[in-house]
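>>> sequence plus the predicted model coming up.
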Amino acid sequence: MAQRIPAPAIVYSAHNPAAIKDYRTDPAIVRAMVNRLVLAVTGQPDLPRAWGSLVSPNDKVGIKICAAGGELFTTHRDIVNAIVDGLVAAGHSRNSIIVWDRSLGGIKDAGYRPDAEGYQMRSIAPRDGYDPKAIFTAPITGKLIWGDLEFRSDRGQIPLLSDQEQTSDESHFARIVSSEVTKIINVPVMSDSSSNGIVGCLYNVTLPNIDNWRRFAQGSPFGRAIIADIYRHPMIGPKVVLNIMDGLIAEYAGGPQSQPNYAVHHATILASKDPVAIDAMAVRQIEEWRKTARLPAITPLAIHVQAAAQLGIGNAEAIEVRNVER
């Protein structure tokens, strides 16, 4: 059967140097950038109708952020607040919206105020946060650790098994994606990854939402490419209605953890319904910065982007960039 060739992708870009200075954002400018992007992506005349075209009143909406970067490199709160306010304008109650990552260790330093935001801020609880019935199996074995659903803390007490590692070729999806949200707004940061090349749209909603994930972040190219298969699982990709990449500050080495020495005030936010196109653009931009800094290329590590294109998830080559004017 012939491979399906996806239509050319459209990525909308909002750039404003005044949006961020000395690592501090201008909330009003960032909000305006997000709003213009959402209007452009949806083609709607106002924000209530724009967000209403992406999610219905009956949907349970989640916003997947990246909170690994601490004060400087966590998904910016101003972007999330603009999204939440747009969803509220479309009829969703603020307290029904879930904002989450595997761990929320960086959010307080990044300016989030969990007790006052109004929306739910959630992390994935070790072990209990995963759904035992929501399984993803892949022909690559991983070593289980504490926090994985099937890890047994009493293993060392069982005779003859104390020296055996606990391994599995199964992962379990977080309950948040398996049963608590029906639509996802995906808001990654623009950052490299030493294991997977880029921590972008595809990565942000896959590996942080499963246990036994380390097997896809190290070792063979085959393991890294499976990120594309995880993305197209019914619990992930079909639920993602919009990707908004936070490139206000971009990292080209050492990410997604905080590495100010390899950071750029990029002052740009990207939006598209095509996660592959945004990731492909981000890889190319990060490669330019790395080349200038004489750092090795990340493209060989980011093979999940091309794998996703080959699976028809999106387009990594034919990409039209439309700049959203101020």
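Now that the structure is in, tell me what you want to look at.
>>> can you tell me how far Leu37 sits from Asn81?
Distance, Leu37 to Asn81, using C-beta to C-beta, to the nearest Å: 15 Å. Every residue, glycine included, has its C-beta placed from N, CA and C.
>>> who has more neighbours, those two?
Taking other C-beta atoms under 10 Å, Leu37 and Asn81 do not tie; Leu37 has more neighbours (25 against 19).
>>> residues in contact with that one?
For Leu37, the contacting residues are 12, 14, 244, 269-271, 324, by C-beta atoms under 8 Å, 6 or more residues apart in numbering.
>>> nearest to Ala125 among these?
Distance to Ala125, by C-beta to C-beta, is smallest for Ile244 among the contacts of Leu37, at 26.3 Å.
>>> parallel or antiparallel, list what pairs with the one helix or strand the closest one maps to.
Using DSSP states H and E, Ile244 sits in strand 240-251. Partners of strand 240-251 in the sheet, by DSSP bridges, are strand 183-187 (parallel), strand 189-193 (parallel), strand 263-264 (antiparallel), strand 268-272 (antiparallel).
>>> and of those, who's closest to Thr42?
Closest among the strands paired with strand 240-251, using C-beta to C-beta: strand 268-272, at 9.9 Å.
>>> show me the contact partners of that closest one.
With C-beta under 8 Å, 6+ apart as the test, strand 268-272 has contacts from 9-15, 30, 33-34, 37-38, 40-41, 79, 190, 242-248, 250, 278, 281-282.
>>> same thing with stretch 79-90?
Stretch 79-90 is contacted by residues 27, 30-31, 34-35, 38, 47-52, 55, 57, 61, 63, 65, 94, 97, 99, 112, 117-119, 185, 187, 244, 246, 248, 269 when judged by C-beta under 8 Å, 6+ apart.
>>> doesn't Ser103 fall inside a helix?
No - in this structure, Ser103 is coil, not part of a helix, as judged by DSSP: H, G, I helix; E, B strand; the rest coil.
>>> surely it is in contact with Ala125?
No - with contact defined as C-beta atoms under 8 Å, Ser103 does not reach Ala125; the gap is 10.4 Å.
>>> point to the residue nearest the middle of the protein.
Asn204 (2.4 Å; C-alpha atoms, centre = their mean).
>>> may I ask you to confirm that that one is in contact with Lys64?
Yes - the pair Asn204 and Lys64 qualifies as a contact (C-beta under 8 Å) at a distance of 6.0 Å.
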